[in-house]
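# sequence and computational prediction follow.
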Amino acid sequence: MGQPRRPLEGIRVLELGALVAAPYCGMLLADLGAEVIKVEPPEGDMARRFAPFVEGESAFFMSVNRGKRSVVLDLRETAGQEAARQLAASCDVLVHNYRTGIAERLGMGYDDLSEINPRLVYCAVSGYGPDGPMAQRPGIDLLFQAESGMMAITGEPGGVPVKVGTNAADVYAATMASTCILSALVERARTGAGTRVDVSLRDAFFALQACWVSSYLATGEQPSMLGAESPFTAPTGVYETGDGSIVLAVVNEKHWRILHDLLSLPIAVDDPRFADNEQRVAHCDNLRVMVNDALVGRTTAQWLVEFERSGIPAGRVMDYAEVVDDPQIQFNEMIMELRHPVAGGIRVQGVPFWLDGQKPERPSPPPVLGADTDHVLEMLSLETSGGRAWASR
C-alpha cells in the first residue's frame, strides 16, 4: 500500500464556535486531510472546562478536536475581529455554530466574508436555522432532542421520556454539515464560487427520525415508547438469557422460521397471530413472553454461537470497557493513541472509514489552547498585536 490518502489536502478550514457541533465537523474535515485552524477566545472553548481531565486537559474537549491548530483571538475586540476576517480571507471553508445573528454582529457573516473571499464555503450550524420565528433562540443538544420528537419515542413503555445517551443531535448535525461542505467544494471546483450552507440542529435531528416521522405522517398516530423494541419488526429487542441478556432482531420471514425452530417455540410457525411481520408486531407482547421463556434456558454466549451459525442478527449489550477491548474494534483501529504535549499519552476514538483500504493518516493530538497563534498569524503575515493583515494567501 502507498501513503494514506488525504483527499482534502490543500483545503484550509477556519473553525469558530465551541462545544461539539462545529468542532466535530472540523474534526471530520481534518480526518480527511484538511488544515483546520480553530479560533478560540482567550479563555478557550468552553468544552475545555468539562471533566474529566487528564493532566488538566479536558477529555471532552480532546474527543472532538484532534488534528487542528489552536489560535487565540478575542472576537469581542476590533483587533481580533480584523484578524479573524484576514484568516477567513485565506481559507477555503469556514464553519461555526454560533446562535443565529452572532456571526453577523462580529463582522463574520457570510455577506461580510464573501466580499473579501468569493470562493469561501461558509457553513453555519445553528439551533433552528437562519430565519423564522425561533431562529435566534438559544439551544443545546438536550433541547433539540426534546423538541425534535426524539424524546417522545425514547424510553420504556409507560415511562418518562429520556434522551439518547450521547449528544447525538450535535454529532448528526455536524456530520450533515461536513457532507454539505464537501458538496459545496465540489460545486466550487466547477463554478469557482463559494456558497453559504446552513444546517439546523433541530431539523437535522428531526430528519434522523425519518422512518418514525413518516409513520406518523401516514397514520396520524404517535409512535409509542418501546424501549429497545421496534414498531416495525418483531421479535426485536433485549431479552433475558440464563446469565444475562441478549439483543435480537428478526427482520424477515426466513429469520422468523429459523428462530421458531431454533427456540422450539410452542406455536405453529404459521400460527395466524404470527404468520407475517405485521401480525408479529401486533402480537409482540405474547411473542416476547415466549421468546424470553425459551432464551433463559441457555447462556448469552451459547445463544450467540447458535444465532451466528443460523444467520440471525444477535449480540450482547456491551459497556465501554468491553467495546474498547473488542477484537474487531481493535482490528479496525477504532482506539488511537496520541502523544499530547501536556496530557501525555492519550487514547481517543479512531476514524470509522477507510480510503483505498487504508485508514487516514494519524492525526496530530488535540491542540493546547493558543499553541499555534504565533505560527499561524506569522504564516499568514498578520500582526499579532493589531491583527492587521500585511498580506493574505
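Yep, it's here.
# tell me where the stretch 101-250 of the chain has helices.
Assigned by DSSP state H, counting those that start in this stretch, the helices in the stretch 101-250 of the chain fall at 102-105, 110-116, 141-147, 168-191, 201-208, 210-219.
# for the last one, buried residues please.
Residues of helix 210-219 classed as buried: 212-213, 215 (neighbour count, 16 or more other C-beta atoms under 10 Å). From N, CA and C alone the C-beta is placed, and that goes for glycine too.
# could those residues go into CSV alongside distance to residue 343 and pLDDT?
Below are these laid out as CSV (distance: C-beta to C-beta, whole Å; pLDDT from 0 to 100):
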residue, distance to residue 343, pLDDT
212, 41, 96
213, 42, 97
215, 46, 96
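# now the residues you listed as a markdown table including distance to residue 303?
Shown next, in a markdown table, are those (distance: C-beta to C-beta, whole Å):
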| residue | distance to residue 303 |
| --- | --- |
| 212 | 29 |
| 213 | 34 |
| 215 | 31 |
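# tell me the one among those residues nearest to residue 308.
residue 212 (29.4 Å; C-beta to C-beta).
# surely that closest one is in contact with residue 226?
No - shown here, residue 212 and residue 226 do not form a contact pair, counting by C-beta atoms under 8 Å, at 10.5 Å.
# need the residues touching each of these two.
Listed as contacting both residue 212 and residue 226 by C-beta atoms under 8 Å, 6 or more residues apart in numbering are residue 153.
# so what's residue 107 up against?
Residues in contact with residue 107 (C-beta under 8 Å, 6+ apart) are 81, 85.
# what distance do you get for it to residue 359?
39 Å (C-beta to C-beta, to the nearest Å).
# so where's the stretch 151-300 of the chain uncertain?
Residue ranges of the stretch 151-300 of the chain with pLDDT under 70: none are present.
# please enumerate the strands of it.
All strands of the stretch 151-300 of the chain, identified by DSSP state E, counting those that start in this stretch, fall at 195-200, 236-240, 245-249.
# out of those, nearest to residue 355?
strand 195-200 (23.3 Å).
# count of neighbours near residue 125?
26 (other C-beta atoms under 10 Å).
# likewise residue 356?
Residues near residue 356, counting by other C-beta under 10 Å, number 8.
# any idea how far residue 233 is from the closest residue to it other than its chain neighbours?
What sits nearest to residue 356 in space, not counting adjacent residues and going by C-beta to C-beta, 6 or more residues apart in numbering, is residue 5, at 5.9 Å. In this view, residue 5 and residue 233 are 38 Å apart by C-beta to C-beta.
# cool, and residue 35?
45 Å.
# quick one on the thing from earlier: double-check the residue nearest to residue 356 against residue 31; I have them as touching.
No - look at residue 5 against residue 31 with C-beta under 8 Å: they stay out of range, at 10.9 Å.
# anything in contact with each of those two?
In contact with both residue 5 and residue 31: residue 360, using C-beta under 8 Å, 6+ apart.
# who has more neighbours out of these two?
The residue with more neighbours, out of residue 5 and residue 31, is residue 31; 22 against 17, by other C-beta under 10 Å.
# sorry, back to before: give me the pLDDT for the residue nearest to residue 356.
Note on residue 5: pLDDT of 85.
# quick one: contacts for it?
Contacts of residue 5 by C-beta under 8 Å, 6+ apart are 33, 355-356, 358, 360.
# of those, buried ones?
33, 360.
# between which two of the contacts of residue 5 is the distance greatest?
33 and 356 (13.3 Å).
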